[in-house]
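Student: with the input below, show me the fold.
(2 chains)
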Number of protein chains: 2
Amino acid sequence: MKRIAVDMDEVLADFTGKCLEVMNAYVGTSFTKDDLYGKTVNELYPDHSDFLVEVVQAPDFFRRLDVIEESQSSLKRLSEHYEIVIATAAMDVPTSFQAKYDWLLEHFDFLDPRLFIFCGDKKVVQADYLVDDNIYQLNAFTGRGIMFDAPHNLPNDYDVRASNWLEVEAYLMKELDSSTASKSDTNRTV
Amino acid sequence: MKRIAVDMDEVLADFTGKCLEVMNAYVGTSFTKDDLYGKTVNELYPDHSDFLVEVVQAPDFFRRLDVIEESQSSLKRLSEHYEIVIATAAMDVPTSFQAKYDWLLEHFDFLDPRLFIFCGDKKVVQADYLVDDNIYQLNAFTGRGIMFDAPHNLPNDYDVRASNWLEVEAYLMKELDSSTASKSDTNRTV
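Tutor: Presented below is the predicted three-dimensional model:
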């Protein structure tokens, strides 16, 4: 069974959405994700970066993120054909460990916690695929990357992209077919 | 640069030592590691396993472990030739995340926290070598395993074993030489 590594922030958990909500309330702005093309929330509020760091480092910040649309149902279906691991760069925000773990248990209770990975650099993740929004992590990963659309990565060039979970699922189900087809081909040749 | 993944408990951190100290004090025994051949501390105290679980799950238990002899100096020297990642099955004790992270920062401050991996099953770790005391993890890992002696694993058969960090270091420095030698061989052939 092939293995898919799945990032959390922006891919399963709406990190940007919660940051925007809090910053709009704090600063008195009304930005939406459309204002973020090619930018992180931090770049949208250059004068408030210390406050944003405080927000993200609050012990329960990651516990309060919304689930990205379709991620639960698509991952559940994919888990019948692939081994699913969750790979999140939690070492970047060490205060987030418990909140991220509890969030996963609540929203993805069909996944095996022994296959959760809290890491920093995803070059250390052993998997066939990685679904991630971060170009640095996708380039560091040694398997096949799938870039999940997020406002900040829209200007990035990347060969396999998905703008939502149904597209991720369709791509990976097709990969499964080609892998089966190429196996049958091999059998035929033999 | 090749990558070594290093386990924490029993390899860098004296998990068994602290468990024994606490259990001896609690139960009124005077067991030493010599009494543990082929056994875990849990198996030594079958009537007190609930208490032992409480001890290990205490939020600062892993913060209080002693450092395994020579591990700091050997890893520091190895880090000049290899990329070092720490791979610990923290998902087995989710209350341990912060304590394990803080312990590593204190005792291994020369390592890069972006290369710490909190996981469950080490089959998801991408590295060339794994130094670990656990036969299950060594068998799950896809690279070359080095079994680090711990009382519970002494009866296990495993082809590459080390009884201390100087032996781990010697093995890995020799591997480096053979890898350089085989590269020169390749060059000679070309």
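
Student: run through the residues of chain A sitting next to chain B.
Tutor: For chain A, the contact set with chain B under C-beta under 8 Å from any C-beta of the partner chain comprises A:3, A:5, A:85, A:87, A:89-92, A:94, A:97-98, A:101, A:112-121, A:123-127, A:142. C-beta here means a position set from N, CA and C on the backbone, and glycine is covered the same way.

Student: inside strands: which ones of these?
Tutor: Mapping the residues of chain A next to chain B onto strands (DSSP state E) picks out A:R3, A:A5, A:V85, A:A87, A:F116, A:I117, A:F118.

Student: which one of those has the most neighbours?
Tutor: A:A87 (29 neighbours; other C-beta atoms under 10 Å in any protein chain shown).

Student: for B:A87, see how far away that residue is.
Tutor: From A:A87 across to B:A87, the span is 13 Å (C-beta to C-beta, to the nearest Å).

Student: thought A:F148 was touching A:A13?
Tutor: No - judged on C-beta atoms under 8 Å, A:F148 makes no contact with A:A13 at a distance of 11.7 Å.

Student: number of residues surrounding the closest residue to A:N164 other than its chain neighbours?
Tutor: Distance criterion C-beta to C-beta, 6 or more residues apart in numbering or on different chains; nearest residue to A:N164, sequence neighbours excluded, is A:E70 at 6.2 Å. Residue neighbour count, defined by other C-beta under 10 Å, stands at 14 for A:E70.

Student: pLDDT wise, what is A:E70 at?
Tutor: As predicted, A:E70 sits at a pLDDT of 98.

Student: go ahead and confirm A:V160 touches A:R144.
Tutor: Yes - using C-beta under 8 Å, A:V160 is in contact with A:R144, at 7.2 Å.

Student: shaky segments in chain A?
Tutor: Scanning chain A for pLDDT under 70 picks out A:182-190.

Student: which residues of it fall in strands?
Tutor: Going by DSSP E, chain A shows strands at A:3-6, A:83-88, A:116-118, A:129-132, A:144-148, A:161-162.

Student: hmm, back to that, any idea how far the residue nearest to A:N164 lies from B:N153?
Tutor: 45 Å.

Student: so which residues of chain A form helices?
Tutor: A:15-27, A:41-44, A:49-57, A:71-78, A:97-107, A:135-140, A:165-189 (DSSP state H).

Student: list the buried residues for the second one?
Tutor: For helix A:41-44, a neighbour-count test (16 or more other C-beta atoms under 10 Å in any protein chain shown) marks A:V41, A:L44 as buried.

Student: which residues touch that helix?
Tutor: A:T16, A:C19, A:L20, A:M23, A:F31, A:D35, A:L36, A:S49, A:L52 (C-beta atoms under 8 Å, 6 or more residues apart in numbering or on different chains).

Student: what about the fifth one, distance to A:D66?
Tutor: Read it as A:F31. 17 Å.

Student: right, and A:G38 touches A:A150 too?
Tutor: No - between A:G38 and A:A150 there is no contact under C-beta under 8 Å: 10.5 Å.

Student: of these two, who's got more company?
Tutor: Each of A:G38 and A:A150 has its neighbours counted (other C-beta under 10 Å); A:A150 has more, 23 against 11.

Student: burial check on the spatially closest residue to A:D7 that is not a sequence neighbour, number of neighbours?
Tutor: Nearest non-adjacent residue to A:D7, counting by C-beta to C-beta, 6+ apart: A:D132, 4.1 Å away. By the criterion of other C-beta under 10 Å, A:D132 has 29 neighbours.

Student: hang on, A:D132 packs against A:G143?
Tutor: No - with contact defined as C-beta under 8 Å, A:D132 does not count as touching A:G143 (11.1 Å).

Student: from chain B, how far out is the nearest residue to A:H48 once chain neighbours are set aside?
Tutor: The shortest distance from A:H48 to any non-neighbouring residue, by C-beta to C-beta, 6+ apart, is to A:V27 (6.1 Å). Counting by C-beta to the nearest C-beta, to the nearest Å, the gap from A:V27 to chain B is 31 Å.
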